[in-house]
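>>> Build me a model from this:
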Amino acid sequence: MRRKVSHYSAVHDDHTYCAGILQTVESEAFRVSEQSHFYHDMLKLTQLSGQLIDGAESRVVSLARDYELVLQRRVDNRLRFLTILSAVLMPLSLISGIYGMNFNDMPAMGKPLGYLVVIGAMLGTAALTGGYLWRKGWFD
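Below you'll find the model as predicted:
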């Protein structure tokens with residue numbers, strides 16, 4: 001659409017230039033003085049069409065800017081979601097990385113409910129982080 005409006009603007013400029021030049025030409029084959037009112041009206045209409053084209057051009061630029069803002073909001077929302085996801089999963093990754101090491105001296109390793117305690121701590125950490133982000137308005 002931008003290309004079409006700029007094409008119409010270029011054609012309009014060419015027509016305006018030609019009409020202005022034709023108004024100054026005077027010869028036996030082409031008498032302008034007899035049709036000066038025609039050229040005067042034509043130049044007025046050309047000015048009006050120029051104003052319409054300028055208005056259309058500004059609307060197209062405004063629409064393009066609004067479309068870019070919509071796309072930017074989509075990208076911002078996706079980045080926000082990924083940030084929230086990484087903030088919630090980072091402590092879980094840390095805990096699973098630590099307990100994934102082959103050590104016998106880790107807390108809760110020799111206990112019968114040790115595995116459930118670690119899983120509970122991981123879920124509790126995720127719930128606390130998600131709740132904090134929810135209260136701060138990150139999910140809006």
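
>>> Tell me how many other residues crowd A64.
12 (other CB atoms under 10 Å). Where you see a C-beta, it was placed from the backbone N, CA and C, and this is true even at glycine.

>>> now swap in M122 and tell me
That count, for M122 with other CB under 10 Å as the rule, works out to 17.

>>> and the helix or strand hosting it, how far from the chain's centre?
If you go by DSSP states H and E, M122 is part of helix 114-135. Computed by CA atoms, centre = their mean, to the nearest Å, the chain-centroid distance of helix 114-135 equals 36 Å.

>>> Now do the buried residues in it.
118, 122, 125-126, 129, 133 (16 or more other CB atoms under 10 Å).

>>> And for stretch 46-62?
Of all the residues in stretch 46-62, those buried under the rule 16+ other CB under 10 Å are 46, 50, 53, 57, 60.

>>> Isn't the first one up against D14?
It refers to T46. No. T46 is beyond contact range of D14, at 10.7 Å (criterion: CB atoms under 8 Å).

>>> now for the helix holding M122, which elements pack on it?
Judged by 3 or more CB pairs under 8 Å, 6 or more residues apart in numbering; DSSP states H and E, the packing partners of helix 114-135 are helix 36-99.

>>> tell me the mean pLDDT for the helix it packs on?
The average pLDDT for helix 36-99 rounds to 86.

>>> I'd like to know which elements that helix is packed against.
helix 2-24, helix 114-135.

>>> Nearest to V70, out of those?
Of all the helices and strands packed on helix 36-99, helix 2-24 sits nearest to V70, with 17.0 Å by CB to CB.

>>> Restricting to C-alpha, output the closest one in CSV.
Extracted C-alpha coordinates of helix 2-24, given in CSV (Å, rounded to 0.1, in the frame of the first residue of the first chain):
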residue,chain,number,x,y,z
ARG,A,2,2.9,2.3,0.8
ARG,A,3,4.3,1.7,-2.7
LYS,A,4,1.0,2.5,-4.4
VAL,A,5,0.6,5.8,-2.5
SER,A,6,4.2,6.8,-3.3
HIS,A,7,3.5,5.9,-6.9
TYR,A,8,0.4,8.0,-7.0
SER,A,9,2.3,10.9,-5.4
ALA,A,10,5.0,10.7,-8.1
VAL,A,11,2.4,10.6,-10.8
HIS,A,12,0.6,13.5,-9.2
ASP,A,13,3.9,15.5,-9.1
ASP,A,14,4.5,14.8,-12.8
HIS,A,15,1.0,15.9,-13.7
THR,A,16,1.3,19.1,-11.7
TYR,A,17,4.6,19.9,-13.3
CYS,A,18,3.2,19.3,-16.8
ALA,A,19,0.1,21.4,-16.1
GLY,A,20,2.3,24.2,-14.9
ILE,A,21,4.5,24.1,-17.9
LEU,A,22,1.6,23.9,-20.3
GLN,A,23,0.2,27.0,-18.8
THR,A,24,3.3,29.0,-19.8
